[in-house]
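Asks: let's see this in three dimensions:
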Amino acid sequence: MPDLFRFQVTEEYEEERIDKYMASLIDSLSRSFIQKMLKEEKVLVNGSPVKANYRLKAEDDICFTLPEAIEPDIGAEDIPLDILYEDEDVLVVNKPKGMVVHPAAGHYSGTLVNAVMYHCRGSLSGINGTLRPGIVHRIDRDTTGSLIVCKNDKAHLSIATQLKEHTIVRRYRAIVHGVIREEEIDINTPVGRHPTDRKKMAAGVRNGKEAITHVKVLERFRSFTYIECCLETGRTHQIRVHMDSIGHPLLGDTVYGNRKPPKAAMTLQGQTLHAMTLGFIHPSSGEYVETTAPLPAYFLHLLEVLPK
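Replies: Just a heads-up that it's a prediction; the model follows:
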């Protein structure tokens with residue numbers, strides 16, 4: 001049986017379109033899929049079906065069911081996983097560099113989803129569709145570290161809600177070009193699609209979404225700075241875009257900044273960025289869970305060899 005979900009609208013979302021609200025609540029559901037659900041009258045507000053352009057009111061009661069998960073037509077693959085935490089609801093994995101999170105054109109095997117499908121044997125949320133079962137958020141291919149996978153739809157909605165409300169703790173480690181003089185920096189600049197290069201994101205663009213990154217200096221080198229970034233929001237490429245926007249692009253990032261790396265980092269594969277700490281409220285127990293992914297070997301090596 002499909003699970004029944006119920007949400008009550010708070011004042012901050014008053015007058016927002018219901019399709020937009022649901023898309024932001026469950027980041028992985030496409031707007032077209034939500035509109036299809038609304039058209040088929042599978043979404044009720046205060047007990048009655050509404051159209052996609054319905055404007056929400058405070059204390060509206062939204063009720064809907066999600067279709068049961070369809071077995072993906074992508075293959076489960078026996079790829080080793082570095083598991084940081086696991087129970088019947090969630091799985092937190094330490095993603096290696098170079099691994100794509102979910103299948104897409106050109107990457108239908110060798111992804112984290114292929115590995116997770118093998119490990120979980122059918123116990124994954126179906127909210128994200130057949131190509132991204134269990135996936136509630138992403139990190140870039142060349143970013144390493146912690147990623148939450150949800151084993152059922154209720155866990156998925158709980159984690160998605162926490163992501164939307166910015167209550168999940170996400171602390172990253174990075175090495176950036178240049179020496180940052182300040183001890184701490186708060187970057188509050190909207191991030192949106194680049195106006196001319198649609199494959200990139202950009203800071204300060206019109207129609208950009210709120211993006212907040214808190215930066216703390218951990219160590220200074222001769223030409224680089226080792227930093228911790230705490231995300232208050234989670235926009236695509238947020239840390240990479242924000243650091244480039246203040247003149248300190250990530251070491252190894254060929255998309256944003258694209259500066260020549262030092263000899264010690266000539267073989268670097270992509271940006272030096274690691275999702276170290278994840279903290280969240282457990283979907284079932286209500287307890288706070290925090291995981292830490294140790295720095296990968298290539299990152300530790302750079303901290304040893306970069307000139308001070």
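Asks: could you chop this protein up by domain?
Replies: 4-65, 83-164, 169-305 (automatic domain parsing).
Asks: end-to-end on the first one?
Replies: Read it as domain 4-65. Terminal residues of domain 4-65 lie 5 Å apart, using Cα to Cα, to the nearest Å.
Asks: show me how far that domain is from its chain's centre.
Replies: Computed by Cα atoms, centre = their mean, to the nearest Å, the separation of domain 4-65 from the middle of its chain amounts to 22 Å.
Asks: kindly report the same for the longest one.
Replies: Between the centre of domain 169-305 and the centre of its host chain there is 13 Å, according to Cα atoms, centre = their mean.
Asks: which residues of the stretch 151-300 of the chain fall in strands?
Replies: Assigned by DSSP state E, counting those that start in this stretch, the stretch 151-300 of the chain shows strands spanning 169-177, 184-188, 191-193, 201-203, 212-220, 224-231, 273-281, 288-292.
Asks: quick check: which of the ones you listed is nearest to residue 113?
Replies: Closest approach to residue 113 among the strands of the stretch 151-300 of the chain is made by strand 273-281 (17.3 Å; Cβ to Cβ). For the C-beta atoms, the positions are set from N, CA and C on the backbone; glycine is no exception.
Asks: which helices and strands does the closest one pack with?
Replies: Packing contacts for strand 273-281, counted by 3 or more Cβ pairs under 8 Å, 6 or more residues apart in numbering; DSSP states H and E, involve strand 144-150, helix 153-164, strand 169-177, strand 288-292.
Asks: now mean pLDDT too, for these, in a markdown table please.
Replies: Listed next are these as a markdown table, based on pLDDT from 0 to 100:
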| stretch | mean pLDDT |
| --- | --- |
| strand 144-150 | 95 |
| helix 153-164 | 90 |
| strand 169-177 | 97 |
| strand 288-292 | 98 |
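Asks: so for residue 231, which of those sits nearest?
Replies: Of all the helices and strands packed on strand 273-281, it is strand 169-177 that lies closest to residue 231, at 4.3 Å by Cβ to Cβ.
Asks: how about that closest one: buried residues?
Replies: 170, 171, 172, 173, 174, 175, 176, 177 (16 or more other Cβ atoms under 10 Å).
Asks: which residues touch the last one?
Replies: Under the criterion of Cβ atoms under 8 Å, 6 or more residues apart in numbering, the contact list for residue 177 reads 223, 224, 248, 249, 250, 251, 257, 259.
Asks: circling back: buried deepest among the domains of the chain, which one?
Replies: A comparison of the domains of the chain by mean neighbour count, using mean count of other Cβ atoms under 10 Å, puts domain 83-164 on top with a mean of 20.
Asks: ok, back up a step: how about JSON lines for the helices and strands packed on strand 273-281, with distance to residue 116 added?
Replies: Below are those laid out as JSON lines (distance: least, Cβ to Cβ, whole Å):
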{"stretch": "strand 144-150", "distance to residue 116": "5"}
{"stretch": "helix 153-164", "distance to residue 116": "13"}
{"stretch": "strand 169-177", "distance to residue 116": "20"}
{"stretch": "strand 288-292", "distance to residue 116": "16"}
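Asks: residue 24: which of those is closest?
Replies: Closest to residue 24 of these is helix 153-164 (Cβ to Cβ; 5.8 Å).
Asks: got the angle for that closest one vs strand 169-177?
Replies: Angle, helix 153-164 to strand 169-177, by axes from the mean of the first three to the mean of the last three Cα atoms, to 10 degrees: 50 degrees.
Asks: beta partners for residue 48?
Replies: Counting by DSSP bridges, residue 48 forms beta bridges with residue 45.
Asks: and it, how far from residue 213?
Replies: To residue 213, residue 48 is 42 Å away according to Cβ to Cβ, to the nearest Å.
Asks: again, but for residue 64
Replies: With distances taken as Cβ to Cβ, residue 64 is found 33 Å from residue 213.
Asks: same thing with residue 160?
Replies: 21 Å.
Asks: over to residue 123?
Replies: 34 Å.
Asks: out of the strands of the stretch 151-300 of the chain, nearest to residue 15?
Replies: strand 191-193 (21.7 Å).
Asks: what residues does the closest one touch?
Replies: Applying Cβ under 8 Å, 6+ apart, the contact partners of strand 191-193 are 200-203, 205-209, 211, 235-238, 241-242.
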